[in-house]
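>>> Got a predicted structure plus its sequence, pasted below:
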Amino acid sequence: MAYPGKNPWPHLTGDALIAPSLLSVDFARAGVQIDAVLAAGAEILHIDIMDGHFVPNLSMGPPVVEKLRRYTPAPLDVHLMVTDPGFFLEPFALAGADSLNFHVEATDKPGQLIARIREMGLGAGVTVKPQTPAEAIAPVADLIDLVLVMTVEPGFGGQSFLEDQLPKIEAIRAMLTKGQRLEVDGGINPQTARQCRAAGADVFVAGNNIFAAPNPAAAVKELRSAIQ
Ligand code: DX5
Ligand code: ZN
């Protein structure tokens, strides 16, 4: 089976990366807005997959990823908020995901899922919800490209940043090596991004802060100055 994606993380060498979350894009003008945020310097597009079960919301499926893959060469960072991540790895890989991130809360076999993602040549990440302790990633810490720390309860864009996640970001950073990334997602704006950066995060997902702004390109640049 041919998987179009390629692990992007070894090639993204910037100190701090910006990942606009397409959950908040204006879908009627998605191409224009994607072009604008990439031209403004965003490195990777974040795609939130929700199954209406792991989280109480529905978002996008593999056909959307497939269209995005055809539209842009930008790396696609797929965040699976689904009850059965094992079932969805293959369809999203075939659709063109470059990196697959699943929740540790959704599986008791994270090592097997990571091995499958690796076989498909993609980046592999694990995600923790706000109530999940840092130790939950310990069994797979040396197998992954990145950890995604949710800084809101997953399910919806536009929520307020949970400051109590900062100590966990520090704890997880201490468990990772230099080449591994720590991504934060939820309520990220220039101010909260700066706090997360100080705690050790280096990939910044932002939905509303970028796409609900009057000028998404300017919002990317403001976020960049905050984390530089
Ligand atoms: C929330 C998603 C996020 C969301 C972030 O469950 O994982 O990626 O799009 O949106 P903002 O940046 O608006 O909090
Ligand atoms: Zn996300």
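That came through fine. Ligands and ions are numbered 1, 2, ... in the order given.
>>> C-alpha only now, for contacts and for neighbours.
OK.
>>> for this protein, which spans come out with low pLDDT?
By pLDDT under 70, the chain has no low-scoring segment.
>>> So which residues on it come close to ligand 1?
Counting by C-alpha under 6 Å from any ligand atom, the residues of the chain lying close to ligand 1 are 21, 23, 48, 154-159, 185-188, 206-209.
>>> quick one, phi psi at H103?
Per-residue torsions, H103: phi -80, psi 130 (degrees, to the nearest 10).
>>> Near it, how many other residues are there?
H103: 24 surrounding residues under other C-alpha atoms under 10 Å.
>>> Other residues contacting stretch 207-218?
20-26, 33, 36-37, 39-40, 157-158, 186-189, 219-220 (C-alpha atoms under 8 Å, 6 or more residues apart in numbering).
>>> Of the residues you listed, just the buried ones, ChimeraX syntax please.
Here is the ChimeraX command that picks out the buried ones among the contacts of stretch 207-218, judged by 16 or more other C-alpha atoms under 10 Å:
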select :20,21,22,23,24,25,33,36,37,40,157,186,187,188,189,219,220
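>>> what pairs with the nearest residue to K129 once chain neighbours are set aside across the strands?
Spatial nearest neighbour of K129, chain neighbours left out: M150 (5.2 Å); criterion: C-alpha to C-alpha, 6 or more residues apart in numbering. Taking DSSP bridges as the rule, M150 bridges to D185.
>>> Against which helices or strands is the one helix or strand L182 maps to packed?
Using DSSP states H and E, L182 sits in strand 181-185. Counting contacts by 3 or more C-alpha pairs under 8 Å, 6 or more residues apart in numbering; DSSP states H and E, strand 181-185 packs against strand 146-150, helix 166-175, strand 203-206.
>>> and the ones you listed, which is most packed in?
strand 203-206 (a mean of 29; mean count of other C-alpha atoms under 10 Å).
>>> Can you show me the strands along this protein?
Secondary structure of the chain (DSSP state E): strands at 17-20, 45-50, 76-81, 99-103, 123-128, 146-150, 181-185, 203-206.
>>> JSON lines for these, including distance to S225?
Formatted as JSON lines, the strands of the chain follow (distance: least, C-alpha to C-alpha, whole Å):
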{"stretch": "strand 17-20", "distance to S225": "11"}
{"stretch": "strand 45-50", "distance to S225": "19"}
{"stretch": "strand 76-81", "distance to S225": "22"}
{"stretch": "strand 99-103", "distance to S225": "26"}
{"stretch": "strand 123-128", "distance to S225": "26"}
{"stretch": "strand 146-150", "distance to S225": "22"}
{"stretch": "strand 181-185", "distance to S225": "17"}
{"stretch": "strand 203-206", "distance to S225": "13"}
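>>> Looking at the ones you listed, which is nearest to I169?
strand 146-150 (7.0 Å; C-alpha to C-alpha).
>>> Contacts for the closest one, please.
Counting by C-alpha under 8 Å, 6+ apart, 101, 124-130, 169, 180-186 sit against strand 146-150.
>>> buried residues in stretch 50-66?
M50, D51, F54, V55, L58, G61, P62, V65, E66.
>>> Reformat the residues you listed as TSV; add distance to P10.
Shown next, in TSV, are the buried residues of stretch 50-66 (distance: C-alpha to C-alpha, whole Å):
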residue	distance to P10
M50	27
D51	30
F54	30
V55	30
L58	31
G61	26
P62	24
V65	22
E66	23
